[in-house]
Every structure is written in structure tokens, then in C-alpha cells.
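Trainee: sequence and predicted structure, then a few things I'm wondering about:
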Amino acid sequence: MTGNGPLVGLRSRTGGSVSFGVDEIHGRSVLKIEIAGDDRGSLRPADGENLAIAARTAFQQRVPLVCFVASSGAAVDEGIGAVHGWGTAAREFVACSGVVPIIFCVTGPTVSGPALLLGLADVVVMIDETFAFVSGPRMVNQFTGEDLSNEGLGGASMHSRTSGVAHFTSADREGAVDLIGELLSYLPDHTDTTPRLWPCADPADRSTPEAGDLIPTTATGSYDVRDVLSCVVDDGHLLEPRAQWATNLITAFATIAGRPVGLVANQPQSMAGTLDIPASQKGARFVAFCDAFNLPLVTFVDTSGFYPGKDLEWRGMIRYGAQLAFAYARATVPRVCVTLRKSYGGAYIVMDSRYMGNDLMLAWPTAEIAVMGAKGAVEILHRNADADERAELESSYEDRLLNPYIAAERGSVDRIIEPADTRSELASALEILAGKRERIPRRRHDNGPL
């Protein structure tokens with residue numbers, strides 16, 4: 001089946017804009033919800049009840065929840081009852097969070113309350129030409145005087161590039177279903193199981209010397225970290241959510257020796273791989289998602305730190321930067337970190353360093369692990385030195401501190417590996433760590449830096 005019709009419909013005689021049932025998408029059983037109707041899917045009280053029951057059923061049966069949505073919001077002629085129904089549904093979706101994967105596909109206009117449901121989803125796929133927003137262009141114009149189209153305010157392109165709401169976009173529903181099917185192949189049905197292994201003909205001990213050849217000879221040289229990731233994973237295949245948002249950080253699903261993993265990597269091609277607010281949010285959300293559904297995390301580091309700027313600081317860089325640290329620190333899945341080149345300052349810590357609790361810290365010989373680069377350090381420590389003295393001091397700083405062997409002596413790096421051995425080292429580590437279990441302290445919940 002392709003997810004175009006329910007195999008087993010539930011509460012099918014209740015009518016309204018919401019229908020749901022058990023379906024299959026690329027061979028995986030899911031609880032599929034359809035929000036659509038002759039009135040563009042406006043939600044009545046019974047619809048809210050059906051949404052709540054659908055989410056509760058997915059929770060009880062421990063199957064992924066996949067929702068196809070096109071809705072104009074609460075039915076105006078139903079009054080407050082329609083809003084109450086939406087609130088009941090939202091509560092049940094929250095109960096599913098972290099227990100079963102929640103995937104939304106926007107198939108048409110999605111407005112007001114239903115649009116907020118997208119923010120509760122783990123993954124959102126938007127079909128081209130669709131849009132989603134909480135307040136429409138008319139209200140925006142009344143309050144701000146700005147004249148925007150539906151597409152300009154909440155189109156799929158905007159949500160994939162600017163807001164980060166859309167993890168993927170697709171030309172049509174068929175392509176969206178294929179995307180959802182591929183995503184499910186990396187995930188378990190629920191949090192109490194592990195992802196299924198993929199059949200793999202790509203040797204686990206395959207040498208990857210080409211990965212090291214991608215690193216520029218100059219410290220400021222740029223390269224596409226996706227090329228490094230492709231060298232390491234099975235068959236060079238990556239599934240990259242939010243590829244067009246926060247492009248200075250790459251997040252991707254892949255397999256290594258048949259084992260599904262989540263990848264996080266700084267992208268030197270964008271903002272020199274520095275971290276800013278969107279990148280911190282993107283990374284934190286992805287790490288938390290992988291941790292919830294038992295996907296091992298492999299982090300590739302090449303960053304000179306947090307991006308400096310008044311605007312970022314005023315908008316809360318401290319809070320948002322802490323989100324990434326928080327997500328890694330509480331993650332209990334197997335975690336392996338590889339430093340490719342630069343790893344400086346606070347960004348070194350939050351990118352799953354040894355002191356954030358990772359299980360294995362690897363570094364290439366090209367790695368530079370320190371508070372900052374040689375030039376910045378000399379400018380602070382030796383401000384009055386002339387150009388020749390600074391050049392000599394920078395060279396000395398690099399020799400003494402900017403190499404992975406110093407970090408290895410101090411226990412910050414477990415092993416320095418050749419780039420050619422990266423795939424085999426990761427495959428071996430993930431196999432050993434497959435049985436990792438951590439006891440989580442009993443508490444109601446943590447209080448993350450939202």
C-alpha cells in the first residue's frame with residue numbers, strides 16, 4: 001500500500017472532516033489521519049474528538065502517527081466547542097510525543113489551530129503550493145499594514161528556508177508518501193524498540209581516504225561536509241531534514257554497516273560552520289528526536305565557535321546555544337564524536353565533546369582543539385607584539401596547543417585516527433555500543449532552556 005486509503009477505518013460513521021484508520025506506508029503499519037472535507041476541513045467538536053481518539057490509539061497500539069492535513073481551522077458556526085475539541089486533540093498529540101513518531105503532511109491550506117499542530121509534530125512534509133499559518137494575510141494587514149500573499153506568509157518554500165517548520169517539501173502527495181516511507185525505514189515503531197537493521201552490501205571496513213582529501217590545506221578553506229558524510233555512510237546515501245534551514249549545521253539520517261544513525265555536522269560552506277540561533281535549535285531538536293527513538297548519534301565537528309553579533313546576543317544566543325548542550329547532555333543513546341578540523345571554545349563543548357558525556361571521542365590528525373585559533377589567542381595575549389613577533393607566537397601556539405595529540409594526552413580525545421579508517425572505526429564503535437543502556441533518574445520532567 002502507499003498510504004492512499006485506510007486498510008482498517010476507525011469511527012468511520014461519525015462523519016466530519018477527520019477520518020482515521022490503520023494503514024501501511026511502504027510496508028510499515030501506521031495510524032493514518034486524514035483532515036479534509038467539503039468545507040476545506042474546518043474542525044467541529046466531533047472532529048477534535050476523533051483527532052484525540054486517533055492519537056490515543058496510536059499511543060496505545062505503539063504505531064507511528066501519520067497525519068495528512070488540509071484545514072481552515074475551527075468551524076466558526078460551532079463557537080467555542082470547536083476550539084475545545086482542538087485543545088483535546090493537542091493534549092493527546094503531546095502525550096504521543098517521544099513515544100511514537102509523529103509525522104504531518106500538509107496537503108492543502110492549513111490555518112489557525114491545525115497549523116499549530118505542525119509545531120507538535122516530529123517531522124513535517126509540505127507539498128508545493130500549500131501554505132500554513134496561524135494568522136492569515138488579512139489579519140496581518142490589519143495589524144501591521146503589510147500586504148502578503150498566502151504563499152509569501154506561509155508557503156512551503158518559506159517554511160523550508162526561513163521558519164524551519166517544514167523538514168521536507170514534495171511536488172505532490174505521492175512523493176510525500178515516498179519521503180515518509182523512507183523516513184520510517186530509519187525509525188522504530190515506538191520508543192521501546194530499536195530501529196530495524198538495513199541489508200547492507202557496503203563493507204563495514206571500507207577504507208575512506210577520500211574523506212581526508214576533502215579537507216582544505218588552509219585553516220580558512222571551505223568544503224561541503226556532506227561529501228565527508230557521504231564517504232562514511234552506506235552507499236553514500238543521506239536523508240537530510242531541514243536541508244534549507246540553518247544551513248551552517250547539517251542533520252541527516254543514514255546507515256553505517258546497516259545500522260540507522262543520526263548525523264550532526266558543522267557545515268564550513270555556510271557561515272564557516274559557526275553556530276547561531278537557528279543552528280542550535282535545529283541541532284537540539286534533531287538530537288532529542290534521535291534520542292527518543294533510539295537512533296545512535298554520530299557528530300562531525302569543524303567549527304570555530306558561536307557566530308558573534310549584537311543581534312544574536314539580544315535575541316537570546318545564550319538560551320538557544322544552551323539548547324544544543326542540553327539535548328546532548330541528556331541523550332542516552334550511543335554517541336560518537338569525530339573532530340575533523342577546528343573545534344574551538346564554547347562550540348567545542350556543545351558539539352558533543354567528551355565533557356558532554358559522549359561514549360567515544362575520535363579526532364583526525366588535522367584536528368585543532370582549543371579555546372580559540374592561534375591568531376585570536378595571540379591578539380589577546382600579546383597585543384603589543386609586532387607583525388614578526390605575532391607570526392612566531394602564532395606558530396608556537398599552533399605547535400604547542402593546536403593539535404589533537406595534546407587533547408589526547410589530557411583525555412579529551414580517546415583516539416586519533418586516519419581519515420581512511422573513519423568508517424571502520426565508526427562501524428566497530430556502533431556495534432560495541434549497541435547494547436548501551438543508561439539508568440535515567442526518576443523525575444516528572446526536565447526543565448530545558450526553551
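Mentor: Good, I have the coordinates.
Trainee: which helix or strand contains the most centrally placed residue in the chain?
Mentor: Centroid-nearest residue in the chain: Phe286, 2.8 Å away (criterion: CA atoms, centre = their mean). Assigned by DSSP states H and E, Phe286 falls within helix 277-292.
Trainee: what is that helix packed up against?
Mentor: With contacts defined as 3 or more CB pairs under 8 Å, 6 or more residues apart in numbering; DSSP states H and E, helix 277-292 has these neighbours: strand 249-256, strand 259-266, strand 297-303, helix 317-330. For every residue, glycine as well, the C-beta is placed using N, CA and C.
Trainee: okay if I get these as TSV plus mean neighbour count?
Mentor: Formatted as TSV, the helices and strands packed on helix 277-292 follow (neighbours: other CB atoms under 10 Å):
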stretch	mean neighbour count
strand 249-256	25
strand 259-266	25
strand 297-303	26
helix 317-330	20
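Trainee: of all the ones you listed, which lies closest to Gly136?
Mentor: Between Gly136 and the helices and strands packed on helix 277-292, the tightest spacing by CB to CB is seen for helix 317-330, at 28.3 Å.
Trainee: now whichever helix or strand comes after the closest one: how far from the chain's centre is it?
Mentor: Scanning forward in sequence from helix 317-330 by DSSP H and E, the next helix or strand is strand 335-344. Centroid separation between strand 335-344 and its chain, computed with CA atoms, centre = their mean, to the nearest Å, is 18 Å.
Trainee: what's strand 335-344 packed up against?
Mentor: With contacts defined as 3+ CB pairs under 8 Å, 6+ apart, the packing partners of strand 335-344 are strand 297-303, strand 360-363, strand 368-370, helix 422-432.
Trainee: per-residue pLDDT, the residue nearest to Arg437 when sequence neighbours are not counted?
Mentor: If the residues on either side of it in the chain are set aside, Arg437 comes closest to Thr332, at 7.9 Å by CB to CB, 6 or more residues apart in numbering. pLDDT for Thr332: 95.
Trainee: surely Thr332 touches Leu433?
Mentor: No. Contact status for Thr332 versus Leu433: not in contact, 11.3 Å apart, counting by CB atoms under 8 Å.
Trainee: count of neighbours near Asp235?
Mentor: Using other CB atoms under 10 Å, Asp235 is surrounded by 11 other residues.
Trainee: Asp202 is in contact with that one, correct?
Mentor: Yes. Counting by CB under 8 Å, Asp235 touches Asp202, with 5.4 Å between them.
Trainee: pLDDT weak spots in this structure?
Mentor: Low-confidence segments of the chain, defined by pLDDT under 70: 1-16, 37-42, 74-83, 371-402.
Trainee: how is it carved up into domains?
Mentor: As assigned by automatic domain parsing, the chain contains the domains 8-185, 209-367+403-435.
Trainee: dump those to CSV, plus distance to Gly448.
Mentor: Listed next are the domains of the chain as CSV, based on distance: least, CB to CB, whole Å:
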stretch, distance to Gly448
domain 8-185, 13
domain 209-367+403-435, 5
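Trainee: out of those, the one nearest Thr194 is which?
Mentor: Proximity to Thr194 (CB to CB) singles out domain 209-367+403-435 among those, at 4.7 Å.
Trainee: other residues contacting the helix holding Phe286?
Mentor: If you take CB atoms under 8 Å, 6 or more residues apart in numbering as the criterion, helix 277-292 is touched by 98, 122, 164, 191, 241-242, 245-246, 248-249, 251, 262, 264, 275, 295-297, 312, 315-317, 320-321, 323-324, 326-328, 330-333, 350.
Trainee: C-alpha coordinates for it, CSV please?
Mentor: What follows is helix 277-292, C-alpha atoms only, in CSV (Å, rounded to 0.1, in the frame of the first residue of the first chain):
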residue,chain,number,x,y,z
ILE,A,277,20.4,30.5,17.0
PRO,A,278,18.7,28.5,14.2
ALA,A,279,21.6,26.0,14.0
SER,A,280,21.4,25.5,17.8
GLN,A,281,17.6,24.9,17.6
LYS,A,282,17.9,22.6,14.6
GLY,A,283,20.7,20.5,16.2
ALA,A,284,18.9,20.3,19.6
ARG,A,285,15.6,19.2,18.1
PHE,A,286,17.3,16.6,16.0
VAL,A,287,19.4,15.2,18.8
ALA,A,288,16.3,15.0,21.1
PHE,A,289,14.4,13.2,18.3
CYS,A,290,17.2,10.6,17.7
ASP,A,291,17.5,10.1,21.5
ALA,A,292,13.7,9.5,21.8
